[in-house]
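# what follows is a predicted structure for the sequence shown.
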Amino acid sequence: MVYIYIITMAVVTYLIRMIPMTVFQKKITNKYIKSFLYYVPYSCLMAMTFPVVFHATSSIYSALAGVIVAVVLAFYNKSLVTVAVSACVTVFVMEKIMIFMS
């Protein structure tokens, strides 16, 4: 299933980058269109990845804690590695706490 997500993301990203190059012969100068084409791959990746985050853990509460930590750290412009590791550690700790509490 993960491979389907990766292949879909690769194809969509490739098509979004390739189609404007083949359809438009002149350089695109419209700021709106350039901005739209720049953010489409990121939004596709987010749309495919975000729902899976909540099903990857044994509890939605630990997943929510990880997402909150990741969003806060990303808001403060922390590096990708810092955000990812912090979110994973948060989920791990929350899972252990929830096991201990039950």
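Everything's here; your move.
# and residue 71, which helix or strand is it part of?
Following DSSP states H and E, one finds residue 71 within helix 60-75.
# and for residue 99?
Here residue 99, judged by DSSP H and E, is contained in helix 80-101.
# just residue 10 next, same as before
Counting by DSSP H and E, residue 10 is part of helix 2-23.
# same question, residue 28
With DSSP H and E as criterion, residue 28 is part of no helix or strand.
# now it, what are its backbone angles?
phi -80, psi 120 (degrees, to the nearest 10).
# find the nearest non-adjacent residue to it, please.
residue 34 (5.6 Å; Cβ to Cβ, 6 or more residues apart in numbering). Just so you know, the C-beta spots here come from the backbone N, C-alpha and C atoms, and that holds for glycine as well.
# for residue 99, see how far away residue 34 is.
As judged by Cβ to Cβ, to the nearest Å, residue 34 and residue 99 stand 49 Å apart.
# for those two, indicate the residue with more neighbours.
residue 34 (13 against 10; other Cβ atoms under 10 Å).
# which parts of the strand or helix carrying the more buried one are buried?
According to DSSP H and E, residue 34 maps onto helix 31-53. Buried residues in helix 31-53, counted by 16 or more other Cβ atoms under 10 Å: 41, 44, 53.
# contacts made by it with the rest, please.
5, 8, 9, 12, 13, 16, 17, 20, 28, 63, 66, 67 (Cβ atoms under 8 Å, 6 or more residues apart in numbering).
# let me know the angle separating that helix from helix 2-23.
170 degrees (axes from the mean of the first three to the mean of the last three Cα atoms, to 10 degrees).
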